[in-house]
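J.: got a structure for you, letters missing:
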């Protein structure tokens, strides 16, 4: 954790990392403060909305990290390359974290489904991701409705593959998803 950030920023980043590793229920406010080397007594001042607030902000920070692959894919020369870039970003995250960190949105959905504000936040972040991926498909000639469907397919395939990869500690599921989606793109979505 870099020390050039404020204690509050460090707490949000710590919460984001821990959420990806342990889920929402596996992270406590005191753990966040200790991990961030922040003043525990300031938790209420920094996050008057409690754990819901810090997890909402942590989700946004984690999604910003995870969306780098989608942003890079948007600049690809062709759709198969865009898909490969998007999948590679997930492969990199899993390998660099020794398969210990997963999708922050999925962690929020699984652990916080009873918290309406957190569930809505997760829904919104999935929709944001879907719009970004659909715009990539549109850039490469897909009409609006097929692009929207292909975006859902890509996101669902990556999410599922990342979960299976994490469980098996292997990138094989992501490799398979990449091969199949790239092949599908080369055939024009069929």
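T.: Alright, I've got the coordinates. In this text, all values refer to a predicted model and were calculated from it rather than measured experimentally.
J.: Can you point out the buried residues in the helix-or-strand element of the chain with minimal mean pLDDT?
T.: Counting by mean pLDDT, DSSP states H and E, the chain has its least confident helix or strand at helix 104-111, which shows a mean of 81. The neighbour-count check on helix 104-111 (16 or more other CB atoms under 10 Å) flags 104, 105, 106, 107, 108, 109, 111 as buried. C-beta: built from backbone N, CA, C; applies to glycine.
J.: Which neighbouring elements make contact with that helix?
T.: Applying 3 or more CB pairs under 8 Å, 6 or more residues apart in numbering; DSSP states H and E, we find helix 104-111 packed against helix 7-22, helix 50-66, helix 116-139, helix 144-168.
J.: what's the least confident stretch among these?
T.: When mean pLDDT is averaged over each of these, helix 50-66 scores lowest at a mean of 84.
J.: how far does it sit from the chain's center?
T.: How far helix 50-66 lies from its chain's middle: 11 Å, per CA atoms, centre = their mean, to the nearest Å.
J.: what mean pLDDT does the helix or strand that that helix is followed by have?
T.: Next along the chain after helix 50-66, taking DSSP states H and E as the criterion, comes helix 68-73. For helix 68-73, mean pLDDT is 89.
J.: ok, and what's touching the helix or strand following helix 68-73?
T.: Using DSSP H and E, the helix or strand that directly follows helix 68-73 along the chain is helix 79-96. The set of residues external to helix 79-96 that reach it, using CB atoms under 8 Å, 6 or more residues apart in numbering, is 65-66, 68-70, 72-74, 76, 101, 133, 136-137, 140, 154, 158, 161-162, 165-166, 171, 174-175, 177-178, 181-182, 185-186.
J.: Just the buried subset of the residues you listed, please.
T.: Applying 16+ other CB under 10 Å to the contacts of helix 79-96 flags 65-66, 69-70, 73, 76, 101, 133, 136-137, 140, 154, 158, 161-162, 165-166, 171, 174, 177-178, 181-182, 185 as buried.
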